[in-house]
Structure formats: C-alpha cells, structure tokens
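> sequence and predicted structure are below.
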Amino acid sequence: MIQVRARLVVGAVTALATALPAQRGAVCALTPPRAPADTWPMDARRDPVEMILHNARIYTLQWGEPRWNGDPAPSAPFANGRWQPDATAIALGGQRIVAVGSDSAVLALRTAGTVVRDLRGATVLPGLVDAHTHVAELGASLARVDLVGARSPAEAMARVARAARTIPPGTWVLGQGWDEGAWADTLLTARMLSARFPRHPVYLRGLHGFGGWANAMALARAGIRRETPDPTGGVIDRDASGAPSGRVRNRAVKLLDDAIPAPTRAQAESHWLLGLRALANAGYTTVHEAGVDQAHLDALRALASRCALPIRVYAMVSTRDSAAVREWVARGPDSSGAGGATIRAAKAYYDGALGSRGARLFAEYADLPGHLGVAGAAYGFDSAAVASMMRSGFQVGIHAIGDAGNQEVLDFIRDVQRTTPRAATRRDRIEHAQVMAPASITSRRDGALIASMQPVHAVEDAPWVTQRIGPLRAKGAYAWRTLRQHGFALALGSDLPGSGFGIGYGLHAATTRTDSLGRPAGGWFPEERLRIEEAIRGYTTWAQRAAFVETRRGMIAPGYDADLTVLDGDPFDSTTTLMRLAPRLTIVGGRVVFDGARNARDARSRR
C-alpha cells in the first residue's frame, strides 16, 4: 500500500517537469456572472466563438441528480445499463460556454478567428474540483526530501542522506511523507537521526502532518527539552528518563513547524504556483484549500491581483492563525473570485488523526485500552474564533475524524446556527467525517450540511482501521452511501499532498473501495461505494455547490464558465480502467492551462 501511494503522489508531482511555463494566469478579470441560458446559441455578437472542441464524448451533467442509492435520474443519458454522452461539441467564448450540442450545429458557429480542436473521441467533463487540498504545502514539499513510500526508518534516512550531502552544515534538512498510520508503533528516535546527521538539524514530517521525527539539533532549535510540557492536544514522546525521544504527535508537531524559518513572500508565491500547476496538469480547474495562514493568503491575493493563478482557488482561512481570524472577521468574506481567488470559508481542526490515535472516540481504541483520543479545546479548537467567523458570514469547514469528534462538531454547528439563523444558509462542512456513529448520521436529513470526504483515505487506511477501532465502528467509517441516504451532501477531494490526487485514483477508490491493486478483493465494506455518476459529481457538480457556484460551474451548459477537463478515456464506460485515466486538456475560463499533447512535444524536443 505504501509503495503504491508513493507512485501515485510522486507521479502526479513529477509532471511538473513538463508543467506550464511561467505565464499569465487563466482566471483574471472574469466578467460579471449572468444566468445560464436555457437554449443555445447565445448572442454571437456579445459572445464571439473563440474555440470549438468537437468529435468528443461530452457529459454535460445537465440532467437530474441521482437518487440516494445511486440510481440515475430518468432524464439521464443512461439506458440498458449503459451511459451515453449527451453532446459531441462545445463552443467557448468570452470565458464562458457559448454552445453545446452536435458537431454539425456547433461547428456552424465558427468564424475566421475560431480555434477548432478535434478531440478524437476524448471525454469532456465539467472542470474537476479537488474539494480538500493543501496546495501550498504541496508546493513547499517539493523542496523537501520525499519520504512517501519509505518502508522503514532506514530507507527514510537513506533518502535524507542523499539530500543532506548538498546542504551546508547547520542548515535545516527537511523531509515529508512517512506514514503516521503505518508507522504508529515504529520506533523513531532522535538518536537514530543524530548518529546519521550530526551537523544538521533534521525534521521529517509525517504524511498527513500529524507526526514529526527530529534529531537532537532540531529538537534544541525548537526548544523541546526535558522540561517542555506536552502542548494542548499533542504528545512529545519520551524515553525512560523522561527526555524527548525524537518523535512528536498531533498538535506537538507545531513545536517543530514553528521552528522552521517562515517563508518569504516570494517563497510563499512559489509554493502556490508549483502546487497549482501540478493540479492543472492533473486536470483540475479549482481547488478548495483547507486552512490557509495569513502569509499564504497575502501571497494568494498578490498572485490573483497579477492574474498569475493558473486555476481557481477557494481558500479557507485557518482559524489556527489568530491574526488571520481578526483580519477576516473585520473584512468579511471575499466572494468576488477576482483573479481566480475566493476567500469565503474558514477551516478548523476539532480532533486528531485516526492513524496516530488522536481522533476522538466515544469508546476506547481497540488497540490502546483506556485511550479516547483528543478533541475540542484540548486539541486547540478555538470555538470562539470559529463562531466569530461563522457570524461574520463565513462558511466553516471543520476537520472531524472520530465518532465523538464528529458528533461534537455537529452539536457545535447546530448551536451556532441556533443563535445566528443566517449561518444556517452557509452550507457548513465537516472535513473528512471519517468515523460516524449511526445516531450522528441519521440526525441530519436536510442536505444543508456537507461531508467533504476523500475516497483515497478509505482504501489507504483500510489495512489498519479495524485494528484501531474494531469491526463494528469500522463499518461506519468512510460511509459515503449511508451519508447520502440520510441527507448529507458530498464533496470529494484528495487531502493532498498526503494522498495521491490523480482523478483516476479518486474515481477508482470511490467506486470500488479497493486500492490501486484491487485490494481487498470485492472492496472494503463495498456496500458504501459510490456509482460512477455520483463519484464524478462529487468532483464536479457537488464540489461546486460546496463553494456556492453551482449556477456558474459544475455543468457544461451555455452561460456557464468555460471550465472543462478533457480525459483520454471515458469514466462512464464500464470497460475503462479508471486507474489509467489521464488528462489531455485542462481549460479554465476558456483558456488552456494544460495541454498534454503540447507538453509531450516539448518533452521530446528537450531530449
């Protein structure tokens, strides 16, 4: 499993070798929104046809929503157990979709200046959205030693050693990607790292940011000593004498994070661009960035003001950054989308991770008797700050993993909405919603609450979840079908850089509940898997609804923004191997921001 994840994550990032060159962004100065037209063509005088895509398999998603059990709507292009595309050509102009229909009808709209592209049977979907990302962290991680897929501490140290040779003594050596879940009980000590790297401060961050491993020099720079108390919501592992052993868990990771020199504005902008170009190359047109501090918000806004963003960013203000909370409570949400950046949500963390046994449970961990995890104020959740953001007009996305953690988040959101009724219209989100008790799931039937979930988590965590929480609670973990049945809306994402973000991987995990090698046979709790239309809507229509733009994006229809993803295979075709899907084109606001054919030609020319 770990080796597979390494290939998926690193493979996506390696695409940066043929990434977009530095260029003006795709989503600057969008014209004001207008209602989609019911018919086409639109007024060609107002909307000149700048590009036509034809000879394609186009799924517009204009038909009705599937039932909670996944059955397609009567209006869907689905018959006799098979899907059929409902259009073959699209005309784009003025950053929007001008027409969609048959080749003959759409090609009749071309003018002398129209670019016409024959897609040769490729599949076109509404622009893909990753509804839970850490893109800036992805960008930063590209400058760190990649530990994803390391099978042992020895292998991790060997990778670090190769990088440390070129780093001056006394300079930080940073790595990221060892798996906190798989290595939950693996011995990781400062002595191991100090013996190998005595002249550098070395800090190796876990895959999902819930664990850290450091040598003695790094611990000293972070001020982690024998007398240092465990921080709220965190644990400093200690040896038999009580001295820090070199490993930190959950909120104690922040002690080491804070010791790393803060990025400059130029570095923060570079983090954004590197990460966003990787997502554009993977076919995504929008990301929901979960938890952005003020420094990276400032960098994001600066890039947007210069029209430098390659794809759209729906940013959630980190409530862990008190300065950011104060500024945005005073400022209020920015829903303009100017330059491709929207800042109208807030992100909070309620409990820890399941892999590191930080998720808050009602009953003790099956593999750690007496332990319930950590949550709320004990984990650094600032209820006053989160409530103030909600009352100031922000949607809130709260990280919740354990069954107790999820129930307490539901209670918190309900209590704020009772005192601030207008907050009930903000489509609040539970980020991850991994383990939920039956009573929690059946308590919401109005569709107003969004479960923002990551299909890849289910298949990557499956090997150890039952060991952590036992078979009964595991049955209620990553319960996509049950959540849909009881009125939760879904939005799907990857939680990159901790997991692979290729759309084929996400769709495969969502529809099979198996990893990339087909394990376990038949799927892990297969009754919870999604059908292909639901999975695709989770990355398109439903994710756009989670960002309040479902009347502008998430379907292929006249008047909608021209955000499109072109794939080399048809995910609606049951014979397609989803894991092999790859993007051919990524189009944002009518502009091509990734062209697989062009990148392939450029790569060949550099040989």
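Looks like it came in fine.
> right, and Ser336 touches Thr342 too?
Yes: using CB atoms under 8 Å, Ser336 makes contact with Thr342 at a distance of 7.3 Å. All C-beta spots, glycine's among them, are computed from the backbone N, C-alpha and C.
> those two: which is more packed in?
Using other CB atoms under 10 Å, the more surrounded residue of Ser336 and Thr342 is Thr342, with 22 against 13.
> is it true that the more buried one lies in a helix?
No: applying DSSP: H, G, I helix; E, B strand; the rest coil, one finds Thr342 to be strand, outside a helix.
> check which helix or strand the nearest residue to it once chain neighbours are set aside maps to.
Nearest residue to Thr342, sequence neighbours excluded (CB to CB, 6 or more residues apart in numbering): Tyr314, at 5.0 Å. Here Tyr314 sits within strand 312-318, counting by DSSP states H and E.
> which residues touch the nearest residue to Phe78 once chain neighbours are set aside?
Leaving aside its sequence neighbours, Phe78 sits nearest to Pro72 (CB to CB, 6+ apart; 4.3 Å). Applying CB atoms under 8 Å, 6 or more residues apart in numbering to Pro72 gives the contacts 63, 66, 78, 533.
> which one of those residues sits closest to Thr551?
Checking the contacts of Pro72 against Thr551 by CB to CB gives Trp63 as the nearest, at 16.3 Å.
> ok, that closest one touching Pro77?
Yes: with contact taken as CB under 8 Å, Trp63 and Pro77 are classed as touching, separated by 6.8 Å.
> domain parsing of the chain, as residue ranges.
27-127+556-589, 135-257, 347-546 (automatic domain parsing).
> how about these in TSV, adding distance to Asp298 and mean pLDDT?
As requested, those are arranged in TSV below (distance: least, CB to CB, whole Å; pLDDT from 0 to 100):
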stretch	distance to Asp298	mean pLDDT
domain 27-127+556-589	18	89
domain 135-257	12	92
domain 347-546	17	94
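> deepest of these, which one?
domain 347-546 (a mean of 22; mean count of other CB atoms under 10 Å).
> quote the end-to-end distance of that one.
Length of domain 347-546, first residue to last, CA to CA, to the nearest Å: 14 Å.
> repeat for stretch 129-146
25 Å.
> now that stretch, how far from the centre of its chain.
Offset of stretch 129-146 from its chain centre (CA atoms, centre = their mean, to the nearest Å): 10 Å.
> for Ser318, see how far away the residue nearest to Val592 when sequence neighbours are not counted is.
Distances taken as CB to CB, 6+ apart place Leu585 nearest to Val592, at 5.9 Å, with adjacent residues excluded. Remark: distance between Leu585 and Ser318 (CB to CB, to the nearest Å) = 33 Å.
> and Ser440, what is it in contact with?
So Ser440 contacts 403, 406-407, 410 (CB under 8 Å, 6+ apart).
> Ala451: which of these is nearest?
Nearest member of these to Ala451, counting by CB to CB, is Asn406, at 9.4 Å.
> show me what the helix or strand hosting the closest one is packed against.
Per DSSP H and E, Asn406 falls inside helix 403-419. Here helix 403-419 touches helix 383-391, strand 395-400, strand 429-432, helix 438-441, going by 3 or more CB pairs under 8 Å, 6 or more residues apart in numbering; DSSP states H and E.
> the inter-axis angle of it versus helix 383-391?
Following axes from the mean of the first three to the mean of the last three CA atoms, to 10 degrees, one obtains 50 degrees for the angle between helix 403-419 and helix 383-391.
> quick one: contacts of helix 403-419?
Contacts for helix 403-419 (CB under 8 Å, 6+ apart): 350-351, 359-362, 372-373, 375-376, 383, 386-387, 390-391, 396, 398, 400, 423-424, 428, 430, 433-437, 439-440, 443-444, 449, 473, 476.
> my read: Val98 touches Val49, true?
Yes: under the contact definition of CB under 8 Å, Val98 touches Val49, with a separation of 5.6 Å.
> who touches both of the two?
91-92, 109.
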